[in-house]
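# next come a sequence and a model predicted from it.
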Amino acid sequence: MTLRTFTTGRRVFLGDASVSGRLRLDALARFLQDLATNDAEDADDVSDDRGWVLRRMELDVTRLPAIYEDLELTTWCSGVGSRWAERSTSLADTREVEGGVCAVARAVWVYVSLDTGAPHSLPPRFFEVYGEEVRGHKVSARLQHPPPPPAAPRRPWPLRITDFDVFGHVNNAVYWSAVEDELVGWLEGRRIGRCEIEFKAGIDPGDEPELVVDRADALAVWFMVGDQVRASARIHPS
């Protein structure tokens, strides 16, 4: 079986764009989530008792598309571990003259029980759908971000009911909205290059999350609940 790819189109609408008119990172994360769901449904690879939890994502940005641009999104499985898989996705500008790949995302998703959250081995059905070739590229689910500086200041990160998804956790895309807040003062003429986000645990209703932010050469944001890092993000300029 050849490697499976899935392609669909998407337009950058008003609700996806920043005040400067570029595609926001939280909107881009929603694009990627929706595309993964579309792919699984198209492949009839949806299970009632198993699902996928995002562990980490890397995004290499050539440029972020502007409002009302039409995009072509293509996704494929680019590697596996014992209980996780890497999904790669390209975003391409569809214009004939100036078009081309704008960004490439690589996301490691862990295969878990929806009842217990415990990781499970990838089933044979996964390789029937996405191709035996993916076994040839082994990927790690190890997290790489350092902890926050011990003396770094914190500030509250208030949550809204709309930030929680059907699984009862803050949705993955919402974390990028906090990053967008910090980009306003940090970019100052820089362009967004490589972006990374890592998840240790979810943020649940009743939690009181705080942000720790470091604005060195890379913009680093840690999402804290008490002394625990629940997630972290880093933005590198191009």
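Perfect, I can see it now.

# now residue 3, what are its backbone angles?
The phi and psi torsions at residue 3 (degrees, to the nearest 10) take the values phi -60, psi 130.

# buried sites along the longest helix along the chain?
In the chain, ranked by residue count with DSSP state H as the criterion, the top helix is helix 25-42. Residues of helix 25-42 classed as buried by neighbour count (16 or more other CB atoms under 10 Å): 25-33, 35-36, 39-40. The way it works is simple: take the backbone N, C-alpha and C, and place the C-beta from them, glycine included.

# swap in stretch 74-87?
74-81, 84-87.

# in the residues you listed, find the pair that's most separated.
Maximum pairwise distance in the buried residues of stretch 74-87, criterion CB to CB, is 22.6 Å, between 74 and 81.

# my read: residue 141 touches residue 57, true?
No - judged on CB atoms under 8 Å, residue 141 makes no contact with residue 57 at a distance of 11.9 Å.

# who has more neighbours, the two?
Neighbour count, other CB atoms under 10 Å: between residue 141 and residue 57, residue 57 has more, with 23 against 16.

# please report how far the more buried one lies from residue 204.
Noted for residue 57: a distance of 21 Å to residue 204, by CB to CB, to the nearest Å.

# by contact count, what packs against the biggest strand by length in the chain?
If you go by DSSP state E, the chain has its longest strand at strand 100-113. Applying 3 or more CB pairs under 8 Å, 6 or more residues apart in numbering; DSSP states H and E, one finds that strand 100-113 contacts helix 25-42, strand 50-61, strand 84-93.

# now do the strands in this structure.
Using DSSP E, strands in the chain cover 5-11, 50-61, 70-80, 84-93, 100-113, 154-156, 192-199, 210-215, 219-225, 228-237.

# what mean pLDDT does the fifth one have?
For strand 100-113, mean pLDDT is 96.

# how about it, which residues are buried there?
So for strand 100-113, counting by 16+ other CB under 10 Å, buried means 102-112.

# adding distance to residue 2, write the residues you listed out as a markdown table.
Listed next are the buried residues of strand 100-113 as a markdown table, based on distance: CB to CB, whole Å:
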| residue | distance to residue 2 |
| --- | --- |
| 102 | 26 |
| 103 | 25 |
| 104 | 21 |
| 105 | 22 |
| 106 | 20 |
| 107 | 22 |
| 108 | 23 |
| 109 | 22 |
| 110 | 26 |
| 111 | 23 |
| 112 | 28 |
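
# quick check: domain ranges of the protein?
Using automatic domain parsing, the domain parsing of the chain gives 5-136, 154-237.
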